[in-house]
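Q: My questions concern the predicted model and sequence given below.
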Amino acid sequence: MPRLLCLLSSFVLLHSSLSAKPNVLFIAIDDLANALGCYGAAGAKTPHMDRLAASGVRFDRAYNQIPLCNPSRASVLTGRRPDDTQVYDLDRHFREALPDVVTLPQLFRQSGWFTARVGKIYHYDVPKGIGTDGLDDKPSWQLVVNPKGRDVADEALIKNPTPQKAISAALSWLAADGSDEEQTDGMIATEAIQLIEQHRSEPFFLGVGFFRPHTPYVAPKKYFDMHPLESIVLPEAPADDRADIPAPAFAHNNPTPNYGLDELTCRKSLQAYRACVSFVDAQVGRLLDALDRLKLADNTIVVLWSDHGYHLGEHQGIWQKRTLFEESARAPLIIRAPGVAGNGRACARIVEFVDIFPTLADLATLTPPASLDGRSLRPLLHDPALPWNHSAITQIIRPADDRLPAMVMGRSIRTERWHFTEWNGGAEGLELYDHDKDPNEFHNRAHLPNAEASALMKQLHAKFEGRATDQPHPSLVNPKRL
């Protein structure tokens, strides 16, 4: 009974705090791993995102639907899984399959909020799409702003140790001259603050999308100085780590450990990535300071998320995204809702990125579309330790190449203890990891002669039913675009 009374009082407090239409500051950060101080990342210098986590709820086990920019963002913004959006690659727009879908910002727009976007919310090619609309969605916004900073003009200065790869897909970097405000992400923060100032007297839904730390890793020099090269250490893994992992588990664009680069170059890449994270953190701090200065923090829901996680050399040299390992499938998610009793706490429950849409609709007392695949996280915002018997599904496509004779779908499911993955329904490999005993996923238990493991995989396989198919229709994916 005391716990019930506590939850009821929390609800009343939240309702009174958000009695007027709450603002929403919707912050997306491209390719951000759980490389934040508040997530326990070694060497992280992210005081502003840590400050947000300290005043909100940090979700430690939040999983994206596809660890690739366009499909992940399509699922977040429509609240639908990839098999509904039919977006598995970087070029397809979700309205090809769902022409009448109501997106998250569109719901707020229809309900009387001013909706605007600055930077990357829907997908952009980076860096060539910077300054354009990218794969934007016009019904979602009343206003869009597309800054373009000196990072684009300075592309010729970028260091690329693998010149056969474009800087957008390479471990490439630049310790840039000039100030934060000259960089695209600094300009995004400036433009967003101006919009907050201009629309502070009406409810707003403001999407603010930062491009870094997506490659190329470009940030002002001072952020590189915050992460001295001698302090940068690459992740460790057992010598036989890859021996029990199926071939499709490794992304087709990163088949060679560390792209064949030497240790020093990889450490420089990791330094550059951390510098970009610190740079973006500073821009997030500017946004939070603006809410405080304008006395809007008490009626503004702040959501910070990344489209997916990001590898930084784990499993003997995996970099970037496109895997179903923990580093790629799990990503930061922080929600601060005024008046929520759970603020300042961490939530260890399994949640999905399709849960973001219904959560924000719930917090704003809006009726979401009935077709959403996720569920509101509002109960966990009140009580992050609440029992939450749910799992998370993440998928990825592998095109045919010299390793695979045909296109393969990988799909994985996570419970609070287990992570189970099957490639092409199991025909191209299985993976089973016990997160209680093996959180780094070094020991694949799928092929152990163990009846208990076989029974467990059968149970987990059944959870895919109706939630993720094992093969997309071939017409939905052009492997060349992956």
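A: Noted; the coordinates are in hand.
Q: C-alpha from now on. contacts and neighbour counts both.
A: Noted.
Q: Please tell me how far residue 443 sits from residue 451.
A: 17 Å (CA to CA, to the nearest Å).
Q: Show me which of the two is the more surrounded one.
A: residue 443 (20 against 9; other CA atoms under 10 Å).
Q: roughly how far apart are that one and residue 256?
A: According to CA to CA, residue 443 and residue 256 sit 20 Å apart.
Q: who's in contact with the nearest residue to residue 143 once chain neighbours are set aside?
A: Closest residue in space to residue 143, ignoring its immediate chain neighbours: residue 116 at 4.7 Å, by CA to CA, 6 or more residues apart in numbering. Residue 116 is in contact with 141-144, 204-207, counting by CA atoms under 8 Å, 6 or more residues apart in numbering.
Q: Which stretches in the stretch 101-250 of the chain count as strands?
A: 114-119, 143-145, 173-176, 204-210, 217-220 (DSSP state E, counting those that start in this stretch).
Q: Could you identify which of those is most buried?
A: The highest average neighbour count among the strands of the stretch 101-250 of the chain, using mean count of other CA atoms under 10 Å, belongs to strand 217-220 at a mean of 28.
Q: count of residues packed around residue 398?
A: By other CA under 10 Å, neighbour count at residue 398 equals 23.
Q: per-residue pLDDT, the nearest residue to it once chain neighbours are set aside?
A: Nearest residue to residue 398, sequence neighbours excluded (CA to CA, 6+ apart): residue 408, at 5.0 Å. Predicted confidence (pLDDT) for residue 408: 91.
Q: Surely residue 408 touches residue 423?
A: Yes: if you go by CA atoms under 8 Å, residue 408 and residue 423 touch, sitting 6.6 Å apart.
Q: helix/strand/coil for the closest residue in space to residue 338 that isn't next to it in sequence?
A: Distance criterion CA to CA, 6+ apart; nearest residue to residue 338, sequence neighbours excluded, is residue 298 at 5.6 Å. Secondary structure, DSSP: H, G, I helix; E, B strand; the rest coil: residue 298 is helix.
Q: Just the pLDDT for residue 298.
A: Per-residue pLDDT puts residue 298 at 96.
Q: what does residue 387 give?
A: pLDDT, residue 387: 95.
Q: ditto for the one 3 residues further on
A: In the prediction, the pLDDT value recorded for residue 390 is 95.
Q: one step back: now the residue nearest to residue 143, which residues is it bridged with?
A: When bridges are called by DSSP bridges, residue 116 pairs up with residue 143, residue 206.
Q: go on, residue 333?
A: Bridge pairing for residue 333 (DSSP bridges) gives the partners residue 305.
Q: Return the helix or strand in the protein with minimum mean pLDDT.
A: Scoring the helices and strands of the chain by mean pLDDT, DSSP states H and E places helix 2-17 at the bottom, with a mean of 47.
Q: following it, which helix or strand comes up?
A: strand 23-29 (DSSP states H and E).
Q: what's the angle between that following strand and strand 114-119?
A: Compare the direction of strand 23-29 with that of strand 114-119 by axes from the mean of the first three to the mean of the last three CA atoms, to 10 degrees and you get 20 degrees.
Q: What are the contacting residues of the following helix or strand past strand 23-29?
A: Proceeding N to C from strand 23-29, the next assigned helix or strand is helix 47-55, under DSSP H and E. Contacts of helix 47-55 from elsewhere in the structure, counted by CA under 8 Å, 6+ apart, are 36-38, 281-282, 284-285, 334-336, 343-345.
Q: As CSV, those with neighbour count would be great.
A: Converted to CSV, those look like this (neighbours: other CA atoms under 10 Å):
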residue, neighbour count
36, 23
37, 18
38, 22
281, 19
282, 21
284, 25
285, 19
334, 25
335, 25
336, 25
343, 22
344, 16
345, 19
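Q: ok, those residues vs residue 249, which is closest?
A: residue 36 (25.6 Å; CA to CA).
Q: Who are the contact partners of the closest one?
A: 44-46, 49-50.
Q: again, only using 6 Å
A: Going by CA atoms under 6 Å, 6 or more residues apart in numbering, residue 36 touches 44, 46.
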